[in-house]
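Chemist: coords below, sequence missing:
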Ligand SMILES: Nc1ncnc2c1ncn2[C@@H]1O[C@H](COP(=O)(O)OP(=O)(O)OP(=O)(O)O)[C@@H](O)[C@H]1O
C-alpha cells in the first residue's frame, strides 16, 4: 500500500542536515508497522513526509500506487483524507469540547451537523469516551486526550493512521490501553497503522513488522519476531537492551 523509494530529506540552507538518506521500505495494507530509532534518527521526518507535511528532497512515496508528491487541489485534499495522524502532544483544540474536537475535520469536510454529531458520538463510543463528550481537553487525562485524538483522526475514515510517539507521555498501563485500542482499530476497521517510537516495548506489543532507523539510514527491517529474536545490528541490540553500551 505504501511504497517508499530512495527517500532523502535534507535541511538547512546548504543542505548540511541529512535527516533521511535513501530510505526504501514498503508497508502492506493492514500492517501495524513500527519505525524505531534513537532520538534524532529521522523518524519524525519520515512520518512527516508520509503525512504530506514535509516535502522530500529526493525519492518517492506512493500510496496505493499513486505518488503523493506534486498532488494539488482536489487530489491533495482527497489524499490527505486517507491519512490520519496522531502526535505525542495530542494537538487537541483546547477551546473546544471533546465532541467538537472530533467533529472538527467533519465540519471542514462540510458534513451536515447532525450527521457529523452522530459520527463523532460513534467514534467516542469506539474509543470509550462517550461520557466525556461535553468535557474540555484540560479536564482529561493524557490517555483520554490521546483517545480523543485517535477518534478525531478516524473521523474522515482514513485508510492509514500515522502515530508519532503516541504513548511516550503516558504511564505503562495507559500505554497498554492505547496500544490495545490501536490494535482493535487495525483489526476491526482495517486501518493500516504506522507507529514511530523509541520504545521497543511498543513494537513488541503491537507491530507485525518493524524498521530500525539510525542516523538517517534504514538499518534493518522485517517481521517483528525475526528482528527482535535475531537482531542484525548493534543499534537494534542497543534498543533491545541487549548490549551493555560502550560498543557504539
Ligand atoms: N525543520 C528542521 N530543520 C532543520 N533540521 C531538522 C528539522 N527537522 C528535523 N531536523 C533534523 O533532522 C534530524 C532528524 O530529526 P527527526 O525529528 O526526524 O528525528 P527523530 O528520530 O524523530 O527524533 P526524536 O525521537 O528526538 O523526535 C535531526 O538532526 C533534526 O535536528
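Modeler: Looks like it arrived, so ask away. Please read all numbers here as calculations on a predicted model, not as lab measurements. Numbers count the residues shown, from 1 in each chain.
Chemist: am I right that residue 193 sits in a helix?
Modeler: No. Using DSSP: H, G, I helix; E, B strand; the rest coil, the secondary structure at residue 193 is strand, not a helix.
Chemist: number of nearby residues for the closest residue to residue 82 other than its chain neighbours?
Modeler: In space, and not counting its chain neighbours, residue 82 is closest to residue 159: 5.0 Å by C-beta to C-beta, 6 or more residues apart in numbering. The C-beta positions use only the backbone N, C-alpha and C, and glycine is treated the same way. By the measure other C-beta atoms under 10 Å, the count of residues near residue 159 is 18.
Chemist: residue 159 and residue 80, how far apart?
Modeler: With distances defined as C-beta to C-beta, to the nearest Å, the gap from residue 159 to residue 80 amounts to 12 Å.
Chemist: quick one on the thing from earlier: was I right to think the residue nearest to residue 82 contacts residue 191?
Modeler: Yes. Under the criterion of C-beta atoms under 8 Å, residue 159 is in contact with residue 191, at a separation of 6.6 Å.
Chemist: list the contacts for residue 137?
Modeler: If you count contacts by C-beta atoms under 8 Å, 6 or more residues apart in numbering, residue 137 has them with 90, 92-94, 96, 98, 101, 145, 148.
Chemist: tell me the contacts of residue 157?
Modeler: Contacts of residue 157 were listed using C-beta under 8 Å, 6+ apart, and they are residue 81.
Chemist: also the one 10 residues further on?
Modeler: Under the criterion of C-beta under 8 Å, 6+ apart, the neighbours of residue 167 are 146, 174-175, 178-179, 197, 199, 202.
Chemist: touching stretch 41-48 from outside, list them.
Modeler: Applying C-beta under 8 Å, 6+ apart, the external contacts of stretch 41-48 come out as 7, 9, 19-21, 23, 35-37, 54, 85, 162, 164-165, 194, 196-198, 213-216.
Chemist: starting from the worst-scoring helix or strand of the chain on mean pLDDT, tell me the next helix or strand along the chain.
Modeler: For the chain, using mean pLDDT, DSSP states H and E, the weakest element among its helices and strands is helix 73-81, scoring a mean of 88. Toward the C-terminus, helix 73-81 is succeeded by strand 83-87 as the next helix or strand (DSSP states H and E).
Chemist: what about stretch 17-36, how long is it end to end?
Modeler: Taking C-alpha to C-alpha, to the nearest Å, the first and last residues of stretch 17-36 lie 20 Å apart.
Chemist: for the chain, what lies in contact range of the ligand?
Modeler: 11, 17, 19, 37, 39-45, 198 (C-beta under 6 Å from any ligand atom).
Chemist: could I get those residues as a markdown table with neighbour count and secondary structure?
Modeler: Putting the residues of the chain next to the ligand into a markdown table (neighbours: other C-beta atoms under 10 Å; DSSP: H, G, I helix; E, B strand; the rest coil) gives the following:
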| residue | neighbour count | secondary structure |
| --- | --- | --- |
| 11 | 13 | strand |
| 17 | 11 | strand |
| 19 | 21 | strand |
| 37 | 25 | coil |
| 39 | 7 | coil |
| 40 | 12 | coil |
| 41 | 23 | coil |
| 42 | 25 | coil |
| 43 | 23 | helix |
| 44 | 21 | helix |
| 45 | 24 | helix |
| 198 | 16 | coil |
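Chemist: in stretch 92-104, what counts as buried?
Modeler: Of the residues in stretch 92-104, those with enough neighbours to count as buried (16 or more other C-beta atoms under 10 Å) are 92, 97-104.
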